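Participant: What follows is a predicted structure for the sequence shown.
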Amino acid sequence: MPGDEEQVVIKVRDGGPYKVTGPIRLTDADGVEIPLPDDGRAVVLCRCGRSRTTPFCDRSHVCRPGDTAVVHAGLPAPTQGAPFLPGPVFAAPFHFEGDAGEGEAPFYGRYANPTWAGWEAALGELEGGEAVAFASGMAAASAVLLELLGPGDVLVAPSDGYYTLRTLAERQLVPRGVEVRYVPTSAAAVLDALESATLVWLESPSNPLLDVLDIAAVAAEAHDAGALVAVDNTLATPLRQRPLELGADFAMASAAKQLTGHSDLVLGYVAAAEPFRAAALRTWRTTTGSIPGPFEVWLAHRSLATLGVRVERQERSAAAVAQLLAARADVPWSRWPGLGCVVSFDAGDADRARRFLHAAKLVAEATSFGGVHTSAERRARWGGDDVSPGVIRLSVGVEDRQDLLADIAQALDAAGS
Ligand code: PLP
């Protein structure tokens with residue numbers, strides 16, 4: 001048997017489609033095959049630690065990926081003369097002889113691409129599930145929502161999360177007969193809305209006001225009520241929060257944010273706890289064509305290696321910025337959830353917020369967040385969020401902390417009152 005710490009038991013939820021078959025192969029230390037039990041359990045090697053031989057982790061043990069995992073996740077085994085991270089593969093058709101279904105080779109770039117495979121292996125390892133990469137975070141969210149929900153289904157979704165999710169729900173779900181219940185990011189509010197829910201969508205911390213809730217508690221109750229649970233993990237990243245480990249069925253994120261951190265690509269992904277759900281999302285991607293470009297995927301995989309150092313630096317600076325803002329009498333309120341690089345605060349009113357953004361020299365006025373460059377925006381400028389006019393969402397980058405603090409302080413001074 002391999003080391004005990006690499007071996008876990010998949011527990012089957014009652015009636016759940018958790019049965020593990022297919023690509024899992026277990027051998028003992030001598031290479032002798034261990035048959036998979038046929039009693040609703042399966043023993044697998046966990047891919048979150050040293051082994052990369054199995055498709056997912058069962059979430060029943062502690063397997064937190066850290067800074068080492070992000071550096072190595074999804075990379076091929078060392079091969080003489082090969083690069084650490086192979087370059088992007090650009091192809092529409094691939095050479096493919098013979099009949100359909102022969103072998104595992106890719107045959108057309110909408111179905112599969114070797115560059116995706118490494119990136120998805122990395123994401124799966126970090127989230128503790130089976131990952132499917134998409135062209136954007138919204139493509140990933142659309143896949144989950146539109147694949148799962150049909151007439152008569154009920155979606156519970158955040159009233160205070162990323163607003164395009166609500167636009168998607170209004171434009172695509174409601175007309176199809178899906179009932180959508182919007183609730184604030186609070187466990188009590190979500191639990192109140194659970195009756196006959198099909199899917200609960202959580203975003204914690206929420207964007208832009210950074211509310212958090214107890215994902216494990218909500219997921220347990222949602223499952224008892226017969227609902228599936230999806231968590232938008234964009235703000236926390238899998239280094240800080242692992243929704244699947246907390247009981248969610250899906251972890252979804254925009255990879256345009258801190259996960260990749262360089263503001264140079266748009267991508268998204270979904271990691272599913274159960275492989276058959278990942279397979280359904282992959283089929284969705286193939287048929288709708290919401291595929292990621294290989295070059296962006298390669299850039300993302302390259303950038304992932306620095307996630308640990310970026311998160312560490314950005315979080316420490318965000319904590320310092322939050323402290324600075326909390327101490328200012330001219331900032332009515334500020335928020336930082338104790339993780340991540342985003343700090344939200346009220347500059348007082350719209351004009352003062354504009355003056356702050358204009359006066360800050362190290363703070364780029366831009367939407368999005370999570371990048372190495374500090375950026376901020378007056379969130380009410382888009383009209384999609386229920387926030388007061390002076391609210392600024394500030395994303396702390398990797399600049400020198402003292403330079404940043406000095407710049408933010410001078411910009412608040414310059415903005416007057
Ligand atoms: N989820 C959150 C929390 C976001 O902030 C965003 C984008 O800002 C998205 C999802 C959508 O991601 P994308 O822009 O990659 O489509």
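Facilitator: Noted; the coordinates are in hand.

Participant: Pull the contacting residues for the residue of the chain found nearest the ligand.
Facilitator: The minimum distance from the chain to the ligand, using Cβ to the nearest ligand atom, falls at residue 137 (2.3 Å). C-betas here are computed from N, CA, C, even on glycine. For residue 137, the contact set (Cβ atoms under 8 Å, 6 or more residues apart in numbering) comprises 232, 234, 252, 253, 254, 255, 256, 266, 267, 268.

Participant: and what of residue 310?
Facilitator: 258, 261, 372, 398.

Participant: How is the third one assigned, secondary-structure-wise?
Facilitator: Spelled out, it's residue 372. coil (DSSP: H, G, I helix; E, B strand; the rest coil).

Participant: Quick check: it touching residue 398?
Facilitator: Yes: contact criterion Cβ atoms under 8 Å: residue 372 and residue 398 qualify, at 4.7 Å.

Participant: Quick check: which element contains residue 145?
Facilitator: Element membership for residue 145, per DSSP states H and E: helix 137-148.

Participant: hmm, the helix or strand just after that helix in reach of the ligand?
Facilitator: With elements assigned by DSSP H and E, the helix or strand that comes after helix 137-148 is strand 154-158. No: judged by Cβ under 6 Å from any ligand atom, strand 154-158 stays clear of the ligand, getting no closer than 9.6 Å.

Participant: Could you list the low-pLDDT ranges of the chain?
Facilitator: Along the chain, segments meeting pLDDT under 70 span 1-64, 102-103.

Participant: how does it divide up, domain by domain?
Facilitator: Annotated domains of the chain cover 4-45, 67-305, 308-414 [automatic domain parsing].

Participant: buried stuff in the longest helix along the chain?
Facilitator: In the chain, ranked by residue count with DSSP state H as the criterion, the top helix is helix 307-326. For helix 307-326, a neighbour-count test (16 or more other Cβ atoms under 10 Å) marks 307-308, 310-311, 313-315, 317-322, 324-325 as buried.

Participant: center of this protein, which residue is that?
Facilitator: Centroid-nearest residue in the chain: residue 253, 2.7 Å away (criterion: Cα atoms, centre = their mean).

Participant: Could I get the phi/psi values of it?
Facilitator: phi -160, psi 160 (degrees, to the nearest 10).

Participant: my guess is it contacts residue 243, does it?
Facilitator: No: the pair residue 253 / residue 243 is not scored as a contact, 9.6 Å apart, by Cβ under 8 Å.

Participant: and for the two, which residues touch both?
Facilitator: Joint contacts of residue 253 and residue 243 (Cβ under 8 Å, 6+ apart) are residue 233.

Participant: tell me which element residue 251 falls in.
Facilitator: Per DSSP H and E, the secondary structure element for residue 251 is strand 250-254.

Participant: So what touches that strand?
Facilitator: 127, 129, 136-138, 140-141, 144, 228-234, 237-238, 242-244, 259, 266-273, 277.

Participant: Toward the C-terminus, what is the element adjacent to it?
Facilitator: According to DSSP H and E, the helix or strand after strand 250-254 is strand 268-272.

Participant: What residues sit buried inside stretch 198-216?
Facilitator: For stretch 198-216, by 16+ other Cβ under 10 Å, it's 198-213, 215.

Participant: Excluding covalently adjacent residues, which one is nearest to residue 264?
Facilitator: Excluding the flanking residues, the one nearest residue 264 by Cβ to Cβ, 6 or more residues apart in numbering is residue 299, at 6.4 Å.

Participant: you'd agree the one you found is up against residue 266?
Facilitator: No: contact between residue 299 and residue 266 fails when scored by Cβ under 8 Å: they sit 10.8 Å apart.

Participant: Count the residues that sit near the closest residue to residue 96 other than its chain neighbours.
Facilitator: When the adjacent residues along the chain are set aside, residue 96 lies closest to residue 107, with 3.8 Å between them (Cβ to Cβ, 6+ apart). Per other Cβ atoms under 10 Å, the neighbour tally for residue 107 reads 16.

Participant: measure residue 107 to residue 286 for me?
Facilitator: Distance from residue 107 to residue 286, counting by Cβ to Cβ, to the nearest Å: 12 Å.

Participant: Same check on residue 142?
Facilitator: Between residue 142 and residue 286 the computed distance is 14 Å (Cβ to Cβ).

Participant: Is residue 413 in a helix, a strand, or coil?
Facilitator: helix.

Participant: Quick check: the gap between it and residue 324.
Facilitator: Taken as Cβ to Cβ, the span from residue 413 to residue 324 is 12 Å.

Participant: likewise residue 336?
Facilitator: Counting by Cβ to Cβ - residue 336 and residue 324 are separated by 11 Å.

Participant: a helix runs through residue 99, doesn't it?
Facilitator: No: if the criterion is three-state DSSP, then residue 99 is coil and not within a helix.

Participant: how deep is it tucked in, by neighbour count?
Facilitator: Neighbour count for residue 99, taken as other Cβ under 10 Å: 6.

Participant: Same question for residue 116.
Facilitator: Neighbour number of residue 116 under other Cβ under 10 Å is 25.

Participant: what's it in contact with, if anything?
Facilitator: 133, 291, 292, 294, 297.

Participant: helix or strand for it, which one?
Facilitator: Here residue 116 is assigned to helix 114-127, by DSSP H and E.

Participant: tilt between that helix and helix 307-326?
Facilitator: Angle of helix 114-127 versus helix 307-326, following axes from the mean of the first three to the mean of the last three Cα atoms, to 10 degrees, is 60 degrees.

Participant: Give me every residue in the chain lying close to the ligand.
Facilitator: Close to the ligand, as judged by Cβ under 6 Å from any ligand atom, the chain has residues 136-138, 162, 203, 207, 232, 234, 254, 256, 266, 268, 368.

Participant: Which of those residues are buried? Put it as a ChimeraX command.
Facilitator: Those of those that count as buried under 16+ other Cβ under 10 Å are selected in ChimeraX with:
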select :136,137,138,162,203,207,232,234,254,256,266,268
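
Participant: the strands in the stretch 1-150 of the chain, which residues?
Facilitator: Under the criterion DSSP state E, counting those that start in this stretch, the stretch 1-150 of the chain contains strands at 7-10, 26-27, 33-34, 42-45, 130-134.

Participant: related to what we said a few turns ago, give me the more crowded residue out of residue 142 and residue 286.
Facilitator: residue 142 (21 against 14).

Participant: right, and that one touches residue 290 too?
Facilitator: Yes: assessed by Cβ under 8 Å, residue 142 is found in contact with residue 290 at 7.1 Å.
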